[in-house]
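1. based on what follows, work out the 3D shape:
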Amino acid sequence: MNYEQYREWLLFFQRVAVLSFFSIGFIQYYQRVWSDVFETDAGDTTKLRRVGRRIYLVLLSLGLGLGVHLITMAFMHNNTALIYHNLALYVLIVPLMFGGFNRVEVGFQMVAILGVWWMHHATNFWHLPTLLALLGFAVIIVLVHRERAGTVHRSLYMMVASIFVAGLFWLSTPAVSMGMPLDNLMRVEGMALYSLMLCIVVGYWMRQYRQEQRNRQLERLASYEQGTNVGQADSQQGELTQLFDQAQQQHTPLTFVALDIDHFRQLNDRFGHLAGNTVLIGLTATLSRVLDNANIEHRLYFTSGEEVNVAFPNHTPDQVMSVIRGCWQAIRKSEFSYANHSIAVTASVGVTSQQPEDTSINDIYKRVDDALSKSKRNGRDMITLDNQLISGTSSIEKRLNDYCYFSQGVYDIDRAEQPRFYHELLLRTYDELQKRWILPDTFELPAWMQISLLKDFMAQTELQNFNMNLTAAQFVDLDLAEALTQFAESDEGPDNLTIEITALTDSQTMRRICAVYRASKIKILIDDVGSDNSFEMVRNIVPYINGVKFAMQNLRQTTSDAELRERVQFWVQIAKENQLSFVLEGVETEADLAFATQLGVRYVQGYYFGKPRPAGPERQAS
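-> Sure, this is the predicted structure:
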């Protein structure tokens, strides 16, 4: 490459850089003004200001685009003019990628673009190739405008469209365009300048636009609770007091409903606080739609996070129960999307009505809270009217049928036949879409449901030794501990029951809870020692537990065979010194089984003996 060629290429890329610099600045400024007009809540700006900003948007594009074009046409007739003509064309086309404009505004934009085409193609406008190029140019421009919503999320689509627009515009220009001589090289340069500029600008803009949309969504989600609660508690209390007084004075009925999202804390813990707010926003829309469609007098109040209150003035519970059921069912059937997750929730509902003996709205609050609590205690996803279950019995049965325990055996390899020694119970739920059993979204089932599932499993197996997994929250739940101990001590209980936990609590809590289980001869097993639970975490609770489990599969990818052996040996020794049972999990091959035998491990578990499955005939290892 000689000096002249190098200089030409350098000038070309300088022009691309200049075009891109000004174009990025323009689209950023235009985006901010457009967002102020079309995406800001109407209450944030006056109507006159919004109209003024809208007119300014149209004039900004038309004035800048036509101004640059006309000035360039008058004073520049060389390669440099290509920069400004492309910039003018870009400024006129950009607004068509934004929505919200009416037909008159879009019409002005289209006329300006066609005017620029006419000025560049005046001497060959009526030639057939030029007319065909104009038709193709117009079709692409119209498609970009109509498909703008999809265009914003498909940068490749926009880049291809820009190349075709540039090609149709510049390759069809005559030999002399507005006093500027054009040869084929300049036409190709004009097309390349516009195409490269648009590719750079569109790539940058798409990234910025998506980030801005994401930030707006995050701001909306993050401020949701503040926006629904600030300044509303007092006004809601005052309005409810007025409704109460009016019903009391006029002897008219008043029905009050408390609705609470089930397992909302676990939802926040699993998916994050913003996911919880996404569900709350979706719940707001769902309830508002159902209540509005019912065309019945109501007041909807969002009180504290996941709880919603609905008041029905002048209506008894019988008159509005179908609407309450409709709200409850709508929540159960809805799915809320957040960060590629589809989140389904249920709600517990308490219902009450004003009674003659009530002296204030607080009496109603107390009764509705009691009804809501009854729905929660009986398994959630229910409607309770005072002390009477109204809806949910069939739901309980359905939910129970949607869960089952799979078993993964714990085997005694000290015995020649290597029999199954324990069933480890693994909770599964049935996914209707996938038509298979999968891990549930939550393991926080009520005690009665866990006991019912265990009874079903017990009825299908002769071996009556079980490990039941509990979450940290379940383990410290004294009500659950009492229910399980009562069942274990009853004639219906299993021969042996072990509680298996992964997440540990403080040693004082462990000592108190373990004492409850030990009194009924229920054993406590700590899972994932050596990986999730280090020795420092476990050593203070060793006196209160009965065994530990080491999961080799947790460490295979990050630990060498020698290190893995050393860790297992350490925990085998800890178990022996403290007279604890030891289970080696993750046995998948003959080599793993031989490894366990060499270390003197008696109880093992893993895919070598089969994958988890529902209750049925136990497979014995050979």
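2. C-alpha from now on. contacts and neighbour counts both.
-> OK.
3. ok, and the closest non-adjacent residue to the residue positioned nearest the centre of the chain?
-> Nearest residue to the geometric centre of the chain (C-alpha atoms, centre = their mean): Tyr338, 2.1 Å. Excluding its sequence neighbours, the residue lying closest to Tyr338 (C-alpha to C-alpha, 6 or more residues apart in numbering) is Ala275, at 5.9 Å.
4. who are the packing partners of the helix or strand hosting that neighbour?
-> Element membership for Ala275 (DSSP states H and E) is helix 273-294. Helix 273-294 sits against helix 184-222, helix 224-229, helix 264-271, helix 317-333, strand 335-338, with contacts defined as 3 or more C-alpha pairs under 8 Å, 6 or more residues apart in numbering; DSSP states H and E.
5. what about the residue nearest to the centre of the chain, distance to Ala330?
-> 19 Å (C-alpha to C-alpha, to the nearest Å).
6. next: Asp318.
-> Per C-alpha to C-alpha, Asp318 is found 19 Å from Ala330.
7. of these two, who's got more company?
-> Shown here are Asp318 and Ala330; by other C-alpha atoms under 10 Å, Ala330 has more neighbours (17 against 10).
8. wait, that one sits on Ala285?
-> No - look at Ala330 against Ala285 with C-alpha atoms under 8 Å: they stay out of range, at 10.7 Å.
9. so where is the stretch 251-400 of the chain shaky, pLDDT-wise?
-> Applying pLDDT under 70 to the stretch 251-400 of the chain picks out residues 303-306, 339-340, 392-398.
10. cutoff 50 now
-> Low-confidence segments of the stretch 251-400 of the chain (pLDDT under 50): 393-396.
11. what of the chain?
-> By pLDDT under 50, the low-scoring segments of the chain are 41-45, 150-153, 218, 221-231, 393-396, 617-622.
12. domain-wise, how is it divided?
-> By the assignment in automatic domain parsing, the chain contains the domains 3-222, 240-397, 402-609.
13. list the helices and strands the helix or strand hosting Leu114 packs on?
-> Using DSSP H and E, Leu114 sits within helix 103-120. In terms of contacts (3+ C-alpha pairs under 8 Å, 6+ apart), helix 103-120 is packed against helix 47-75, helix 79-93.
14. show residues contacting the lengthiest strand in the chain.
-> Longest strand in the chain by number of residues (criterion: DSSP state E): strand 420-431. For strand 420-431, the external contacting residues (C-alpha atoms under 8 Å, 6 or more residues apart in numbering) are 402-412, 436-440, 443, 463-469, 612, 618, 620.
15. what's the answer for stretch 568-578, then?
-> The contact list for stretch 568-578 (C-alpha under 8 Å, 6+ apart) reads 529-530, 542-543, 547-548, 550, 581-582, 599, 601.
16. just the ones in strands from these, please.
-> Using DSSP E, those in strands are 547-548, 550, 581-582.
17. max pairwise distance over those residues: which two?
-> Greatest spacing in the ones in strands among the contacts of stretch 568-578, by C-alpha to C-alpha: Phe550 and Ser581 (11.1 Å).
18. more neighbours: the two, which one.
-> Neighbours were counted for Phe550 and for Ser581 using other C-alpha under 10 Å; Phe550 has more, 26 against 17.
19. you'd agree the more buried one is up against Val583?
-> Yes - using C-alpha under 8 Å, Phe550 is in contact with Val583, at 6.3 Å.
20. just how off-centre is stretch 307-317 within its chain?
-> With C-alpha atoms, centre = their mean, to the nearest Å as the basis, stretch 307-317 stands 31 Å off its chain's centre.
21. Glu566 and Val604: what is the separation?
-> 17 Å.
22. okay, the two: which has more neighbours?
-> Neighbour comparison, Glu566 and Val604: the larger count goes to Val604, with 27 against 12 (by other C-alpha under 10 Å).
23. hmm, the more buried one is touching Glu588, no?
-> No - applying C-alpha under 8 Å, one finds Val604 not in contact with Glu588, separated by 10.2 Å.
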